[in-house]
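Undergrad: Could you work out the structure for the sequence below:
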Amino acid sequence: MSILFCVLIALLHTACNNKDAIPDTVTFTEQVAPILYNNCSICHRPGGSAHFALVTYEDARKNAGACAYVTKERIMPPWPADPQYREFVGQRILSDRDIKILDKWASEGAPEGPKDKLPALPKYPVGSDIGTPDMRIPVQPYFLKGNGFDKFLLIKVPFELGTDTFASLIEFMPGNHNVVHHVNGDMVKYEFDKKKDVFAGERVVNMVEDTSSLLQAFQKLGLSNDDGSYPVLQKSVVNYLPGVIGQKYPEGIGGYMLPRKGAFLLNDLHYGFTKKDDVWDSSYINIFFAKSPPKRPAQEFQLGTLGVAPVEPDLVILPNTIKQVYSKFTVPFDISILTVNPHMHLLGKTFKAYAVSPSGDTIKLISIPRWDFNWQYFYTFKKMVKIPKGSTIIAEGVYDNTKQNLNNPFSPPQLVRDRNGSMKATDEMFQFIVTYLPYELGDENISLETK
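TA: Modelled structure (predicted):
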């Protein structure tokens with residue numbers, strides 16, 4: 001080995017060490033602000049979903065100790081999926097160096113540093129997590145009285161357009177992040193001549209207090225055509241869960257056709273309980289138009305509760321026990337997976353999903369070693385994942401119904417079960433939702449990361 005080559009290797013090693021080294025003095029403007037702006041301020045900003053801002057030096061100084069603790073424990077930024085098992089689009093994971101910088105800064109009194117070294121704050125979209133929508137439709141404002149119970153509403157959000165229109169993404173934005181827990185929303189698609197007034201009927205139905213059946217609720221909302229028949233209902237068009245940011249796929253993949261007359265049917269808008277009696281929610285729906293109709297519309301199936309494959313054994317969790325369940329489904333043709341969404345409630349402990357091909361190969365999908373009910377993402381792969389025909393997709397979950405589970409809603413622990421798909425946080429669910437396309441040659445090389 002030549003002396004020159006040895007010198008080059010030594011210089012490269014020194015450069016790498018210097019890159020990872022922690023500065024003797026850590027300041028907000030030089031080291032901390034870049035970390036916060038790249039990973040935290042998207043939520044921790046005025047108008048963001050977090051409870052406090054991390055934009056100015058004073059914001060960060062007041063929360064320096066908390067930031068050091070939650071990042072060291074990897075509570076924040078919230079990203080439950082294990083990046084060593086599988087990587088996804090948009091994941092926010094701090095490096096060990098970033099965590100050490102925040103810890104050192106807090107322990108040394110959180111100095112500000114030279115003001116001229118402060119980087120520019122990123123430009124964040126207003127009223128959206130994605131960008132500027134082409135159309136915004138308000139959801140009927142709702143007043144929540146103080147109570148200790150979950151509230152589930154069926155809400156109609158009607159619209160009328162000048163012509164059939166294509167959308168690449170439909171985004172639900174909660175007006176009050178403190179009380180909106182989740183939304184499952186479909187789209188009602190009317191034939192233009194069969195519905196004179198899409199705005200007729202009630203906008204909100206409380207499924208517990210206002211009606212005794214889904215049919216009665218539909219009648220109250222005025223969902224039927226003028227002749228009494230019902231229009232086409234496109235499922236799972238607009239959804240929301242804590243931490244979810246709508247995913248735009250590359251041009252031609254996914255998307256929706258909006259009819260001239262239609263309505264979004266928020267068939268399960270879930271409000272968590274609040275101790276205040278003066279809480280308003282004014283949520284809205286953002287629509288991002290597409291230039292052309294989707295060439296490859298996305299499709300969806302789910303394992304587990306209310307899905308194509310049952311939960312095994314039954315999701316009945318006895319008090320003071322830890323229980324493991326699974327659900328498995330064999331795909332009948334080649335598919336390309338775009339996005340996955342694991343779902344459990346408060347007793348969830350761990351979640352893992354993978355596929356086993358006919359040749360015996362394991363295709364890793366997602367692992368969540370520490371389930372967090374408060375952060376439930378739709379995880380989009382960086383590239384489509386091919387699942388060959390005959391492969392079995394397996395989802396595994398572990399539930400903790402002991403007093404050691406600090407999220408256990410009952411003290412002492414009580415029997416908890418899946419009550420026919422009940423969305424109540426105090427009941428349980430086990431679901432693995434898969435968004436996919438029928439496979440086409442080369443799909444596994446298509447990037448799903450969009451700018």
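
Undergrad: Name the nearest residue to Arg417, sequence neighbours excluded.
TA: Spatially, and ignoring its direct neighbours in sequence, Arg417 is nearest to Val316 (4.5 Å; CB to CB, 6 or more residues apart in numbering). (Glycine included, C-beta is placed from N, CA and C.)

Undergrad: again but with Val180, I slipped
TA: Pro174 (3.6 Å).

Undergrad: Just give the number of residues close to the one you found.
TA: 21 (other CB atoms under 10 Å).

Undergrad: how about it, what does it touch?
TA: Ser49, Val180, Val183, Tyr240, Asp281, Ser283 (CB atoms under 8 Å, 6 or more residues apart in numbering).

Undergrad: Now stretch 236-243 - C-alpha only, CSV.
TA: Coordinates of each C-alpha in stretch 236-243 appear next as CSV, following Å, rounded to 0.1, in the frame of the first residue of the first chain:
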residue,chain,number,x,y,z
SER,A,236,-61.7,6.0,1.9
VAL,A,237,-61.2,9.3,0.0
VAL,A,238,-60.4,11.7,2.9
ASN,A,239,-58.9,10.4,6.1
TYR,A,240,-57.1,11.8,9.1
LEU,A,241,-55.2,10.3,12.1
PRO,A,242,-52.9,12.0,14.6
GLY,A,243,-49.7,13.0,12.8
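
Undergrad: starting at the chain centroid, how far to that stretch?
TA: 7 Å (CA atoms, centre = their mean, to the nearest Å).

Undergrad: Return the set of buried residues in that stretch.
TA: Residues of stretch 236-243 classed as buried by neighbour count (16 or more other CB atoms under 10 Å): Val237, Val238, Asn239, Tyr240, Leu241, Pro242, Gly243.

Undergrad: Make a markdown table from the residues you listed and add pLDDT and distance to Gly201 to it.
TA: Formatted as a markdown table, those follow (pLDDT from 0 to 100; distance: CB to CB, whole Å):
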| residue | pLDDT | distance to Gly201 |
| --- | --- | --- |
| Val237 | 91 | 20 |
| Val238 | 91 | 19 |
| Asn239 | 88 | 23 |
| Tyr240 | 88 | 23 |
| Leu241 | 80 | 28 |
| Pro242 | 73 | 30 |
| Gly243 | 70 | 33 |
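
Undergrad: Which of those residues fall within strands?
TA: Val237, Val238, Asn239, Tyr240 (DSSP state E).

Undergrad: Specify the beta-bridge partners of the last one.
TA: In other words, Tyr240. Val183 (DSSP bridges).

Undergrad: Low-confidence stretches in the stretch 351-451 of the chain?
TA: Residues of the stretch 351-451 of the chain meeting the criterion pLDDT under 70: 451.

Undergrad: Strands along that one, start to end?
TA: 362-368, 379-387, 392-401, 416-417, 431-438 (DSSP state E, counting those that start in this stretch).

Undergrad: Pro242 and Leu347: what is the separation?
TA: 17 Å (CB to CB, to the nearest Å).

Undergrad: And Ser391, by the same measure?
TA: According to CB to CB, Ser391 stands 29 Å off from Leu347.

Undergrad: The two - which one has more neighbours?
TA: Between Ser391 and Leu347, counted using other CB under 10 Å, the more crowded position is Leu347 (28 against 22).

Undergrad: quick one: contacts for that one?
TA: Leu347 touches Ile317, Tyr399, Asp400, Asn401, Asn405, Asn407, Asn408, Val416, Glu428, counting by CB under 8 Å, 6+ apart.
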